[in-house]
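Student: Give me the fold of what follows.
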Amino acid sequence: GLIIGDTIEVIEGDLIGLRGKVLSLDGATVKVKPSNAAELGDTTEVEFLSSQVRKFIAIGAHVKVTDGRYANETGVVVAVEEIEGDTDCVAVVLTDMTHKEISVRTSQLQESAEIASGQDKLAGYELHDLVVLSGGGSTNEVGVIVRVGREEFTVVNNHGIVREVRPEELRGKRNASSNRAVALDV
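Tutor: As a prediction, this is how the structure comes out:
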């Protein structure tokens, strides 16, 4: 949905293509301060039905996903494509955390300077846990979790190799100190 301060674009009526900032929302109407309308003269606000406008996100804008599958992800818009037969657009966002491209409807985006820091827990494992890995060929391969993603971890193993690992590939934590360890600092 729209909030005050959003940039919108008119998609229906006499002023198609007009862009502006939302000044107020009142049920089915939206008051807008035009930003690219020289033909309107000194008009400081124009009222539209909310069905006549859509959120406008410029390419290069830094955004935060407000809801949906990628909620709370942040990144930079690299492309915006119109959906045939739909008033909404789809933005391709290069995420800050994973540097992967995701496709999100512009109605689910909010311009934001915030940068997502990511999660620090997933499936009972935390960032910087020492874990035992399975399926790497070696039976006693261990690694340290260096990034926690939405559905996977990035792990540096005991051979210095960085790889993506799903929670089901981990065989437990090794954070507790060994009972054979001896401190020689007395």
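
Student: Let me see the contact set for S35.
Tutor: 7, 19-21 (C-beta atoms under 8 Å, 6 or more residues apart in numbering). For the C-beta atoms, the positions are set from N, CA and C on the backbone; glycine is no exception.

Student: one more time with 6 Å
Tutor: The neighbours of S35, taking C-beta atoms under 6 Å, 6 or more residues apart in numbering as the test, are 19-20.

Student: From K173, how far out is it?
Tutor: 54 Å (C-beta to C-beta, to the nearest Å).

Student: Over to S51?
Tutor: Counting by C-beta to C-beta, the gap from S51 to K173 is 53 Å.

Student: Double-check that S51 belongs to a helix.
Tutor: Yes. Using DSSP: H, G, I helix; E, B strand; the rest coil, the assignment for S51 is a helix.

Student: and it, what does it touch?
Tutor: S51 neighbours (C-beta under 6 Å, 6+ apart): none.

Student: Distance check, it against I161.
Tutor: From S51 to I161 the distance is 54 Å (C-beta to C-beta).

Student: what pLDDT, on average, does stretch 86-106 get?
Tutor: Averaging pLDDT along stretch 86-106 gives 88.

Student: For that stretch, C-alpha coordinates in CSV please.
Tutor: In CSV, the C-alpha atoms belonging to stretch 86-106 read as follows (Å, rounded to 0.1, in the frame of the first residue of the first chain):
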residue,chain,number,x,y,z
ASP,A,86,-1.9,-5.5,-14.1
THR,A,87,-1.6,-2.0,-12.6
ASP,A,88,1.5,-3.1,-10.5
CYS,A,89,5.1,-3.3,-11.7
VAL,A,90,7.8,-5.8,-10.9
ALA,A,91,11.1,-4.5,-9.7
VAL,A,92,14.3,-6.5,-9.9
VAL,A,93,16.3,-5.8,-6.7
LEU,A,94,19.9,-6.7,-6.1
THR,A,95,20.0,-7.5,-2.4
ASP,A,96,22.6,-6.1,0.0
MET,A,97,23.2,-9.3,2.0
THR,A,98,23.4,-12.1,-0.7
HIS,A,99,24.0,-10.0,-3.8
LYS,A,100,21.3,-12.0,-5.6
GLU,A,101,18.6,-10.6,-7.8
ILE,A,102,15.0,-11.0,-6.5
SER,A,103,11.8,-10.0,-8.3
VAL,A,104,9.3,-8.1,-6.1
ARG,A,105,6.1,-6.1,-6.9
THR,A,106,6.6,-2.4,-6.5
